[in-house]
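>>> Just a sequence and a predicted model for now, questions to come.
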Amino acid sequence: MILKGNTIGDILKKPAGTPVEAHGWVKTRRDSKGIHFIQLNDGSSFTDLQVVVDEGAVPPEVLAGATTGASLRVSGELVESPAAGQAAELRARAIHVYGTAEPTTYPLQKKGHTMEFLRQIAHLRARSNTFGAVFRVRNVLSNAIHRFFQERGFLYIHTPIITTSDCEGAGAMFQVTTLDLMNLPRNEVGQVEYASDFFAKPAYLTVSGQLEAEVFALAFTNVYTFGPTFRAELSTTPRHLAEFWMVEPEMAFADLDDDRRLAEEFLKYIITAVLDEASEDLAFFNKRIDDTVLSTLEHVATSAFEHIPYSEAIHLLQKAQDQGRQWEFPVHWGADLQSEHERYLTEEVFKKPVVVTDYPKEIKAFYMRVNDDGRTVRAMDVLVPRIGEIIGGSQREERYDVLRDRIREQGLNEEDYWWYLDLRRYGSAPHAGFGLGLERMMMYVTGMKNIRDVIPFARTPGDAEF
Ligand code: 4AD
Ligand code: MG
């Protein structure tokens, strides 16, 4: 086992003259007269360890197996690299090949693969430069998310994956059943009888842990849940996944302003963490994927977010239209903001993250607190350049009667929400929370263009390979 201290990332920091044993996979290999160069990587750092093999230093049949993709143990000594500014390289004395990789079929060759091709080899792409950087950043981001909430005393809770209520009320859920689809039990009028299904009623994969997080916020005050969520939307945009990770804080005795401030502080904290702890990987993204990544993140980490009500957003979009801007989706009070609108506001008008609040109640979920005007709710969306919506949140409706009416109004089944309504009967309190999509955040910090390329194995309509 390779313990901390012996990874390639650690070896690269050791001085010339140190005897070492390195383990990893061959990224590339170059042979010239009397000398061979092997780039070895074990995932611990963006930079490879350069292994130099002098002719005759290891048996030719061993060297023959050390081709791109093979897994090796190399022992030898670190020597000063002739290239200025470069870390020491490893002069090999012995090589052990754990597993060869047939060069004519190994799909991950040196360079120039498209993202689409790499998606088809998701079982191997983690060994590439780009995906090595992606998944190290994802780890740093996840750790920073926990740290942010733990440092502030938020209780980490594990909300269920299987649920019988639809949190967003949008009906985009995957059903979970053990019924035999070829032989469904039906009643006299042909409806499926769920009494014999596993949970004795229709069950689904959760779209959000919020409703259960609220239960815990109304006992532990400040909580968060961080886990996988599922949406059966037939959407094939570069920003949508059928399975994605969401972090959802929920705070009792908090209103929308508290929620907005927490979201801003949270985003700045995790951005700063990535800048500090994944600087080598971010430098790569800035150089090869999007040259605005670093300047954007540095700017966002230090400047105040903009805040506008929905009505003001509509006004700005209409003004743009009056000045000749063409919108694909019509803009009028009551219409939902589309990606083109979100990006216009954040990329062109404000050039920084924008928090839009107080949306019309018709376009938002049933649980959001109704404003005194009766037509808007205490919702907030945080929009960022390139991505659009990255966070969705709200102050929750804490008044029993109002919430019950909203559930009815939206055509939802009141009985399904009996325990959620109960929270409003026993010790109800103002509370608020939000959800950040981890993959949207990943796209933002890495500059990666497609959400399928920032999650280990993407689930999208028609595709759940691996
Ligand atoms: O705006 P959404 O739907 O909000 C909720 O689910 C609330 N229950 C959260 C809460 O208040 N606790 O989703 C929250 C975020 C979005 O802003 C977006 O970043 C991400 O989740 N998201 C998706 N990411 C990838 N693929 C999808 N299909 C996504 N749908 C939402
Ligand atoms: Mg949303």
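All right, it came through fine. Numbering: from 1, shown residues only. Ligands and ions are numbered 1, 2, ... in the order given.
>>> Stretch 143-151: which residues count as buried?
Across stretch 143-151, burial judged by 16 or more other CB atoms under 10 Å covers 144-145, 148-149. In short, each C-beta sits where N, CA and C put it, glycine included.
>>> cool, stretch 187-204 as well?
Neighbour-count burial for stretch 187-204, counted by 16+ other CB under 10 Å, picks out 197, 203-204.
>>> what's in contact with that stretch?
For stretch 187-204, contacts defined as CB atoms under 8 Å, 6 or more residues apart in numbering pick out 162-164, 166, 173-179, 184-186.
>>> ok, now with 7 Å
The contact list for stretch 187-204 (CB atoms under 7 Å, 6 or more residues apart in numbering) reads 162-164, 173-179, 184-186.
>>> One more: stretch 226-234?
145, 158-159, 161, 172-174, 205-209, 240, 242-247, 461.
>>> what do you get for stretch 76-87?
For stretch 76-87, contacts defined as CB under 7 Å, 6+ apart pick out 12, 14, 16-20, 47, 50, 88-93.
>>> Could you list the alpha-carbon positions for stretch 328-348 in PDB?
Taking C-alpha atoms only, stretch 328-348 is exported to PDB below (Å, rounded to 0.1, in the frame of the first residue of the first chain):
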ATOM      1  CA  GLU A 328     -35.500  32.900 -27.800                       C
ATOM      2  CA  PHE A 329     -37.900  32.600 -24.800                       C
ATOM      3  CA  PRO A 330     -40.300  35.500 -24.300                       C
ATOM      4  CA  VAL A 331     -39.800  37.800 -21.400                       C
ATOM      5  CA  HIS A 332     -42.700  39.000 -19.400                       C
ATOM      6  CA  TRP A 333     -43.600  39.200 -15.700                       C
ATOM      7  CA  GLY A 334     -44.600  35.700 -14.700                       C
ATOM      8  CA  ALA A 335     -42.300  33.900 -17.100                       C
ATOM      9  CA  ASP A 336     -39.400  31.700 -15.700                       C
ATOM     10  CA  LEU A 337     -35.900  32.900 -16.400                       C
ATOM     11  CA  GLN A 338     -34.200  30.800 -19.000                       C
ATOM     12  CA  SER A 339     -30.500  30.100 -19.300                       C
ATOM     13  CA  GLU A 340     -30.100  32.900 -21.900                       C
ATOM     14  CA  HIS A 341     -31.700  35.400 -19.500                       C
ATOM     15  CA  GLU A 342     -29.700  34.200 -16.500                       C
ATOM     16  CA  ARG A 343     -26.400  34.500 -18.500                       C
ATOM     17  CA  TYR A 344     -27.300  37.900 -19.800                       C
ATOM     18  CA  LEU A 345     -27.800  39.300 -16.300                       C
ATOM     19  CA  THR A 346     -24.700  37.800 -14.800                       C
ATOM     20  CA  GLU A 347     -22.300  37.900 -17.800                       C
ATOM     21  CA  GLU A 348     -23.300  41.200 -19.500                       C
END
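>>> Just the buried positions in that stretch, please.
331, 335, 337-338, 341-347.
>>> So what does residue 126 have for phi and psi?
Main-chain dihedrals, residue 126, degrees, to the nearest 10: phi -60, psi -20.
>>> Check residue 32 too.
Backbone torsions for residue 32, taken as degrees, to the nearest 10, come to phi -130, psi -180.
>>> contacting residues for it?
Listed by CB under 7 Å, 6+ apart, residue 32 has no contact partners.
>>> Please report how far it lies from ligand 1.
Remark: distance between residue 32 and ligand 1 (CB to the nearest ligand atom, to the nearest Å) = 47 Å.
>>> Report pLDDT for residue 300.
Model confidence at residue 300, given as pLDDT, is 92.
>>> Near ligand 1, which residues of the protein are found?
167-168, 208, 210, 231, 233, 240-241, 244, 246, 248, 389-394, 433-437, 439-440 (CB under 6 Å from any ligand atom).
>>> out of these, which are buried?
Buried members of the residues of the chain next to ligand 1, counted by 16+ other CB under 10 Å: 167-168, 208, 210, 231, 240-241, 244, 246, 248, 389-394, 433-437, 439-440.
>>> How is the protein partitioned into domains?
8-110, 126-161+220-453 (automatic domain parsing).
>>> Quick check: which of these is buried the most?
Among the domains of the chain, ranked by average contacts under mean count of other CB atoms under 10 Å, first place goes to domain 126-161+220-453 (a mean of 18).
>>> Could you tell me which of the buried residues of stretch 143-151 are located in helices?
144-145, 148-149 (DSSP state H).
>>> In JSON lines: those, plus pLDDT.
Compiled in JSON lines, those are given as follows (pLDDT from 0 to 100):
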{"residue": "144", "pLDDT": "98"}
{"residue": "145", "pLDDT": "99"}
{"residue": "148", "pLDDT": "99"}
{"residue": "149", "pLDDT": "99"}
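>>> quick one on the thing from earlier: so of the contacts of stretch 226-234, which ones are in strands?
205, 243-247 (DSSP state E).
>>> Can you classify residue 274 as helix, strand or coil?
helix (DSSP: H, G, I helix; E, B strand; the rest coil).
>>> thought it was touching residue 142?
No - Residue 274 lies out of contact with residue 142 (CB atoms under 7 Å); the separation is 10.7 Å.
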